[in-house]
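A.B. asks: Could you work out the structure for the sequence below:
(chains A and B)
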There are 2 protein chains.
Amino acid sequence: MIVVLSGGVGAARFLEGLAAIVAPDQIAAIVNTGDDMVMHGLHISPDLDIVTCTLAGVIDRAQGWGIAGDTTECMQWLGRLGAPTWFKLGDRDLALHIYRTARLRGGASLSQVADEIRRALGVQVQIIPMSDDPAPTHVITDQGELHFEEYFVRERCQPAIYGVRLHAAGPVQPAPALLPLLTNATAIIIAPSNPVVSVGPILAVPGVREAISSTTAPVIAISPIVGGAAIKGPAVPLMQAVGMKPTALGVATAYADLIDGIVIDSVDAALAPAIAQLGIRPLVTDTIMRGMPEKMALARAALDLALA
Amino acid sequence: MIVVLSGGVGAARFLEGLAAIVAPDQIAAIVNTGDDMVMHGLHISPDLDIVTCTLAGVIDRAQGWGIAGDTTECMQWLGRLGAPTWFKLGDRDLALHIYRTARLRGGASLSQVADEIRRALGVQVQIIPMSDDPAPTHVITDQGELHFEEYFVRERCQPAIYGVRLHAAGPVQPAPALLPLLTNATAIIIAPSNPVVSVGPILAVPGVREAISSTTAPVIAISPIVGGAAIKGPAVPLMQAVGMKPTALGVATAYADLIDGIVIDSVDAALAPAIAQLGIRPLVTDTIMRGMPEKMALARAALDLALA
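C.D. replies: Below you'll find the model as predicted:
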């Protein structure tokens, strides 16, 4: 199994490319659930849904999240009833949240539900939440401590960030499949996802760092930072808030005790020697995934680096 | 207050007429919750929603239930996920169920939620569930004991009926507003609703029969049976199953210990003397509510009979 530590949009696109060049049933995505929240009484799992719907081919490609062609009738009526509407939920999208919530209340684990949904949508890549326990990521801001989605969506990343609190609901256990997958992986790939709020919550699950450190399999990352900026989302201020440099070198440094190699973008070629100094093999290539050819090329580069 | 004991479609149409000739804030509908059920983890209140949406002017008039112009994107995706789809839920419609479920889980009572929803939709008629407790109506059939909606919607009224079990989840308490409303009513009107599964569950709430029997206010009914047939729904087999005659006289007999008068349809004029023999004043008029003029005329006839 090739195991991919995965956030949302960037990871999903990378996984699409990987699933096109490797047998999909030989890939497992371990997905961040730090963005999960309960909204309107429904359990919403943004990254699980982005990964699942992208691999199912039903994602809204323009947005990177949500289901293609979706409508917002329910949301508009929730608004009429006075419910908050800052987190957009499409009508098709809601089916996933309603199904998940009903199954969880019926006693199923998040792992079971994630597996049911990906199978129902015809996804062959295994999709595993990092934990079946609530593990919300909070952001400490000048407007107080916010859930990540409150900071990201409701407040549009405007508040100044002083810090990040992972697993803010208390201790979590790894999902049952997680540590065995890491231990038995042929390669572990850290997707081009936010190192603080997407990969960080996965690495903070008890046993994950130890499993990755002790594996004999290659471990590589793909930098989500290109030319000192994030492809998407608030990685730069979040990295700065926790003392990371928002560069490909900063990403490599953050993962230095875990990875053997890192894929960085051609625009960051000058950082390669400094990365090599850390004992990490850099691979320099184009990393922006505009379409399927770029996704596949990036996946191939990552595999080359890992299995070289 | 004019208090109306209310089922779904027939009662909602009658209430529309009544609210057009009496100040709406002087009307209270006490609504059957025997059809309520949990589906996809959501608390669904068919009769509360039919009454509320009809009075809000947003009902799908062709069906008599659901919201006008609604779509079924969520339902189709629930089907893709393997969830049951026999009970159609529109996307707008779902907003009511999601809102209600979230509020109930947050500790609100069904009475509170019903009031919040009717206010949000601009309804001035008070809408009160018969009870804040679960009170499902079961139908005993040749296919076993079914929830009323399973019999009515899923099985399309095909099974033979042997009996009806009201409040099948155990004892219920009246909603807080219920008995005071009945005690202080200026008139009590039993809407043209199914006497067994719409009005029956309300009358079976502890204290309701006693409050109606002891009031000095006039109590009248409108027969939902016209010419030996129901305007809508399975009233005939349900009445037969519990030993009532499926005629306007049968309806009058079922309510004989409660009502002072009953409105029956012109086609049933021949039954008037037998009804009078029961000590019940019959009023014979056209009762089929095709449009607003007929709804208002029926409301006026009911008020004439009650307040004469």
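
A.B. asks: could I have stretch A:57-75 exported to CSV, CA atoms only?
C.D. replies: In CSV, the C-alpha atoms belonging to stretch A:57-75 read as follows (Å, rounded to 0.1, in the frame of the first residue of the first chain):
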residue,chain,number,x,y,z
GLY,A,57,-15.3,12.4,-10.2
VAL,A,58,-18.2,14.3,-8.8
ILE,A,59,-16.4,17.3,-7.3
ASP,A,60,-17.1,20.8,-8.3
ARG,A,61,-13.7,21.4,-10.1
ALA,A,62,-14.0,25.1,-10.2
GLN,A,63,-14.3,25.4,-6.4
GLY,A,64,-12.3,22.3,-5.5
TRP,A,65,-15.0,21.3,-3.0
GLY,A,66,-18.7,20.6,-3.2
ILE,A,67,-20.5,18.5,-5.8
ALA,A,68,-20.6,19.5,-9.4
GLY,A,69,-24.0,21.0,-10.5
ASP,A,70,-25.2,21.3,-6.9
THR,A,71,-28.0,23.6,-5.8
THR,A,72,-28.6,25.4,-2.5
GLU,A,73,-32.4,25.2,-1.9
CYS,A,74,-32.1,23.6,1.5
MET,A,75,-29.5,26.2,2.6
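
A.B. asks: Are that stretch and chain B in contact anywhere?
C.D. replies: Yes. Judged by Cβ under 8 Å from any Cβ of the partner chain, stretch A:57-75 comes into contact with chain B at A:67, A:70, A:71, A:73, A:74, A:75. (Glycine included, C-beta is placed from N, CA and C.)

A.B. asks: Can you give the contact residues for that stretch?
C.D. replies: Stretch A:57-75 is contacted from outside by A:8-9, A:12-13, A:46, A:49-50, A:53, A:85, A:88-94, A:121, A:232, B:70-71, B:73-74, B:77, B:90-92, B:94-95, B:98, using Cβ atoms under 8 Å, 6 or more residues apart in numbering or on different chains.

A.B. asks: What residues sit buried inside it?
C.D. replies: A:58-60, A:64-67, A:70-75 (16 or more other Cβ atoms under 10 Å in any protein chain shown).

A.B. asks: Tabulate the residues you listed (CSV), appending pLDDT.
C.D. replies: Supplementary listing: the buried residues of stretch A:57-75 in CSV, determined by pLDDT from 0 to 100:
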residue, pLDDT
A:58, 98
A:59, 97
A:60, 96
A:64, 92
A:65, 94
A:66, 96
A:67, 98
A:70, 97
A:71, 97
A:72, 97
A:73, 98
A:74, 98
A:75, 98
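
A.B. asks: Near chain B, which residues of chain A? Just list them.
C.D. replies: A:40-42, A:67, A:70-71, A:73-78, A:80-83, A:90-96, A:98-99, A:101-102, A:105-106, A:116-117, A:120-121.

A.B. asks: and those residues, which are buried?
C.D. replies: Judged by 16+ other Cβ under 10 Å, buried ones among these: A:40-42, A:67, A:70-71, A:73-75, A:77-78, A:80-81, A:83, A:90-96, A:98-99, A:101-102, A:116-117, A:120-121.

A.B. asks: ok so, going back, which two of the buried residues of stretch A:57-75 have the greatest separation?
C.D. replies: In the buried residues of stretch A:57-75, the most distant members under the criterion Cβ to Cβ are A:64 and A:73, with 22.4 Å between them.

A.B. asks: correct me, but residue A:6 touches residue A:193?
C.D. replies: Yes. The pair residue A:6 and residue A:193 qualifies as a contact (Cβ atoms under 8 Å) at a distance of 6.4 Å.

A.B. asks: Identify the contacts common to these two.
C.D. replies: Here residue A:6 and residue A:193 share the contacting residues residue A:32, scored by Cβ under 8 Å, 6+ apart.

A.B. asks: So which of the residues of chain A next to chain B are in strands?
C.D. replies: Residues of the residues of chain A next to chain B located in strands (DSSP state E): residue A:42.

A.B. asks: before we move on, back to that, select from the buried residues of stretch A:57-75 every entry located in helices.
C.D. replies: Residues from these lying in helices, with DSSP state H as the criterion: A:73, A:74, A:75.

A.B. asks: just the buried residues of stretch A:57-75 now: which is nearest chain B?
C.D. replies: Comparing the buried residues of stretch A:57-75 against chain B with Cβ to the nearest Cβ places residue A:73 closest, at 3.8 Å.

A.B. asks: Leaving out chain neighbours, which residue sits closest to the closest one?
C.D. replies: If the residues on either side of it in the chain are set aside, residue A:73 comes closest to residue B:91, at 3.8 Å by Cβ to Cβ, 6 or more residues apart in numbering or on different chains.

A.B. asks: residue contacts, that neighbour?
C.D. replies: Counting by Cβ under 8 Å, 6+ apart, residue B:91 touches A:71, A:73, A:74, A:77, A:91, A:94, B:70, B:71, B:72, B:73, B:74, B:75.

A.B. asks: how much space between it and residue A:11?
C.D. replies: When distances are taken as Cβ to Cβ, to the nearest Å, residue B:91 and residue A:11 turn out to be 30 Å apart.

A.B. asks: Also residue A:294?
C.D. replies: When residue A:294 is compared with residue A:11 (using Cβ to Cβ), they lie 15 Å apart.

A.B. asks: repeat for residue A:87
C.D. replies: Computed as Cβ to Cβ, the residue A:87 to residue A:11 distance reads 20 Å.

A.B. asks: Looking only at neighbour counts, state which of the two leads.
C.D. replies: More neighbours surround residue A:11 than the other of residue A:87 and residue A:11, with 31 against 16 (other Cβ atoms under 10 Å in any protein chain shown).

A.B. asks: OK, contacts around the more buried one?
C.D. replies: When contacts are counted by Cβ under 8 Å, 6+ apart, residue A:11 touches A:4, A:5, A:29, A:31, A:47, A:51, A:191, A:192, A:193, A:198.

A.B. asks: Can I get these in CSV including pLDDT?
C.D. replies: Formatted as CSV, the contacts of residue A:11 follow (pLDDT from 0 to 100):
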residue, pLDDT
A:4, 98
A:5, 98
A:29, 98
A:31, 98
A:47, 98
A:51, 98
A:191, 98
A:192, 97
A:193, 97
A:198, 98
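
A.B. asks: Out of these, list just those in strands.
C.D. replies: Among the contacts of residue A:11, the ones falling in strands (DSSP E) are A:4, A:5, A:29, A:31.

A.B. asks: Counting neighbours, show which residues of the strand or helix carrying residue A:273 come out buried.
C.D. replies: Residue A:273 belongs to helix A:272-277 when elements are defined using DSSP states H and E. Of the residues in helix A:272-277, those buried under the neighbour-count criterion (16+ other Cβ under 10 Å) are A:272, A:275.

A.B. asks: Which neighbouring elements make contact with that helix?
C.D. replies: Helix A:272-277 is packed against helix A:248-254, strand A:261-265, strand A:281-285, with contacts defined by 3 or more Cβ pairs under 8 Å, 6 or more residues apart in numbering or on different chains; DSSP states H and E.
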